[in-house]
Every structure is written in C-alpha cells, then in structure tokens.
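Chemist: Structural data only, the sequence is not supplied:
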C-alpha cells in the first residue's frame, strides 16, 4: 500500500511566525516571555511557529538554550501550532547535530538555511542539505536568503533537492518571483513567503503560506490575508496588504526585523523587554518612535477585525 504523505500545510502550517526569542534585561532567555509570546501567537491565528530562525537570533543561541526553547514552545503550543526549528549553521556536521537535537526536543519540522559565510558551490549546497535531511525523520523547509548567506538556492539545485522525500518546502527571502513560480510549477515544493512586503505577491502566485516577522505582532492580519487569497477576494487581500504597510515599514525598513519586532511586542505588553544579544543592539529612538506611532491604530483595527 502506498503511504500518503502529509501535505506541507500539515507539516509546517500556513500562517507561520518567525518568532523572536524573548530575553530578560541581562540577555538570558526569558521563559516567562516565551510562554506569553507563544500564547499570544496561537491566540492571534498563528498555526506554525519558527523557533530559532534569523528573527530568533539563532547564531547566538547555545545548543542547551535551543533544546530548552524547543521544549518550552512545544509544551506551550500544545499541538495548536506546528513547531519548525532553525538548525542551519555554516558547518554541516554541526547542523546535523542541531537537527537531531531538534528532533529529540520535539520539533515538528526543520528550517535549513544555506551555510552562511562558507559560501559553498551548488553541489556543496546539495550535499549539505541532503546530509541534514537524511539525519532525521522530520520534514525540511529550505531557507533561501542570499542577502544574509552569500549563496542562493539556484533553480536547478532546488529541482534536485525536491527529489528528497523529506525536503518539502522553501522559505523564500530571495524575492525572485519568476524563479519561484518555475520551481512551484516543476516540483511539489511548497513555497512560503519569507519577505513580509511580498506576502501578497507570493500567495497570489500559489505559495502555501508565509513565514512572517511582522506576524509576531499581527498574525491576525496575516490570517485574514491568507483567507482572502484562498477565497479569491483580491480587493480584500489588497486592502489588508496596504493596511499593513505602516507596520511593515516600521519593523522591516528600520533597524532590523528582530530588533523592531521585539520593540513592538514589548510595547504591546507581550514580552518583558526588547533586549537583543550582541552583535545586535537596540535601535535608535526614532525607530522605536515609529513603532509607538503605528501600534495604537493597528491594534484598534485588530480589535474589530
């Protein structure tokens, strides 16, 4: 009998949030803040949480912190959201170990970024991803963000990696809509928008969902956007998208997404501090002020949405 694989939406969710890692003022991971944030995300319509992605400051998290964070998020979500864990590093052996750690800690899926700084060739990228996908039984979402890694997943590479039974999706933060459309047409890989400013564009071209930074604050509106696109209501989808421009500008076009998302969540009373770890530092007063200016109107809209 042929085994029916779960769909990518069943593996990862559709309305994913690239969760920040809440921290105390001294830079330690805040367990209380993490619990509060996960409850907030689930309550606002998130069905997938990405732990230790770029927005979660993954390069600064130790293996012990990562294991504890996964277990805490898993227990708090209690099956209401899929838990995808960022495990990518610049070293294949270390990435394999983090993938196994994530599986043991209860992750539902893996997020695998191209090795940053190392800049492998495309055959090296295929070998790296294959080794990691072979290391566990978890589904894998590739993370294409050449602006941070220095190397892209080229289309032939994605076509080759799509043959692996556990490589199921791509988080696209490259923004090449044409190449993404080709990969979606030629493979079964599900696409997830990794650029909030392009969420509507990706969804309109057939993406399965989003992995959102602004979703830390407005998962509600991303959920509404997904519903509008699924219903074929372009006018409503465009209205939701344009309504999010102020918060996208305030979070994504200022200091940095992780920094500004923490500011928003702190101002909303969800996390205890907006603290980040070096090499990140908190943004200047004018960037904080942009969040302060946007949130009241946005929160009012969410209350009646």
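Modeler: Alright, I've got the coordinates. Please read all numbers here as calculations on a predicted model, not as lab measurements.

Chemist: switch to C-alpha atoms for all contacts and neighbour counts from now on
Modeler: Noted.

Chemist: residues contacting the nearest residue to residue 33 once chain neighbours are set aside?
Modeler: Using C-alpha to C-alpha, 6 or more residues apart in numbering and skipping the chain neighbours, the partner closest in space to residue 33 is residue 271 (4.8 Å). When contacts are counted by C-alpha atoms under 8 Å, 6 or more residues apart in numbering, residue 271 touches 22, 33, 34, 36, 37, 262, 265.

Chemist: Checking my notes, the fourth one in a helix, right?
Modeler: The reference is to residue 36. Yes - read with DSSP: H, G, I helix; E, B strand; the rest coil, residue 36 is one of the residues of a helix.

Chemist: Count the neighbours of it for me.
Modeler: 17 (other C-alpha atoms under 10 Å).

Chemist: State the distance from it to residue 84.
Modeler: 18 Å (C-alpha to C-alpha, to the nearest Å).

Chemist: what mean pLDDT does the longest helix anywhere in the chain have?
Modeler: Criterion DSSP state H: the longest helix present in the chain is helix 285-304. Here helix 285-304 scores 82 as its mean pLDDT.

Chemist: Kindly report the same for stretch 146-157.
Modeler: What stretch 146-157 shows for mean pLDDT is 97.

Chemist: Straight-line length of it, end to end?
Modeler: The stretch stretch 146-157 measures 14 Å between its terminal residues, going by C-alpha to C-alpha.

Chemist: Show residues contacting it.
Modeler: 114-117, 119-120, 122-123, 125-126, 144-145, 173-174, 179, 183.

Chemist: mind listing which of the residues you listed are in helices?
Modeler: 122, 123, 125, 126, 179, 183.

Chemist: Mark which of the residues you listed are buried, thanks.
Modeler: 122, 125, 126, 183 (16 or more other C-alpha atoms under 10 Å).

Chemist: list the contacts for the last one?
Modeler: Think residue 183. So residue 183 contacts 155, 158, 159, 189 (C-alpha under 8 Å, 6+ apart).

Chemist: looking at the residues you listed, which has the most residues close by?
Modeler: residue 189 (24 neighbours).

Chemist: separation between that one and residue 168?
Modeler: Taking C-alpha to C-alpha, one finds residue 189 at 5 Å from residue 168.

Chemist: Need the overlap of contacts for these two.
Modeler: With C-alpha under 8 Å, 6+ apart as the test, residue 189 and residue 168 both reach residue 162.

Chemist: Now do the same contact list for residue 31.
Modeler: Residue 31 touches 22, 72, counting by C-alpha under 8 Å, 6+ apart.

Chemist: Look up the pLDDT of it for me, please.
Modeler: 98.

Chemist: before we move on, back to that, need the buried ones among the ones in helices among the contacts of stretch 146-157 in CSV (columns: distance to residue 205 and pLDDT).
Modeler: Converted to CSV, those look like this (distance: C-alpha to C-alpha, whole Å; pLDDT from 0 to 100):
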residue, distance to residue 205, pLDDT
122, 26, 98
125, 26, 98
126, 26, 98
183, 11, 98
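
Chemist: from the residues you listed, which two are the most distant?
Modeler: Taking C-alpha to C-alpha as the measure, these span a maximum distance of 17.1 Å, between 125 and 183.

Chemist: what residue ranges in this structure score low on pLDDT?
Modeler: Across the chain, the ranges flagged by pLDDT under 70 are 1-3, 300-305.

Chemist: How are the strands of it distributed by residue range?
Modeler: 15-18, 48-51, 82-86, 109-113, 140-144, 167-172, 190-193, 209-212 (DSSP state E).

Chemist: Export those strands to JSON lines and append columns for distance to residue 287 and mean neighbour count.
Modeler: Below are the strands of the chain laid out as JSON lines (distance: least, C-alpha to C-alpha, whole Å; neighbours: other C-alpha atoms under 10 Å):
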{"stretch": "strand 15-18", "distance to residue 287": "20", "mean neighbour count": "28"}
{"stretch": "strand 48-51", "distance to residue 287": "25", "mean neighbour count": "29"}
{"stretch": "strand 82-86", "distance to residue 287": "27", "mean neighbour count": "28"}
{"stretch": "strand 109-113", "distance to residue 287": "28", "mean neighbour count": "27"}
{"stretch": "strand 140-144", "distance to residue 287": "27", "mean neighbour count": "26"}
{"stretch": "strand 167-172", "distance to residue 287": "26", "mean neighbour count": "25"}
{"stretch": "strand 190-193", "distance to residue 287": "25", "mean neighbour count": "26"}
{"stretch": "strand 209-212", "distance to residue 287": "20", "mean neighbour count": "28"}
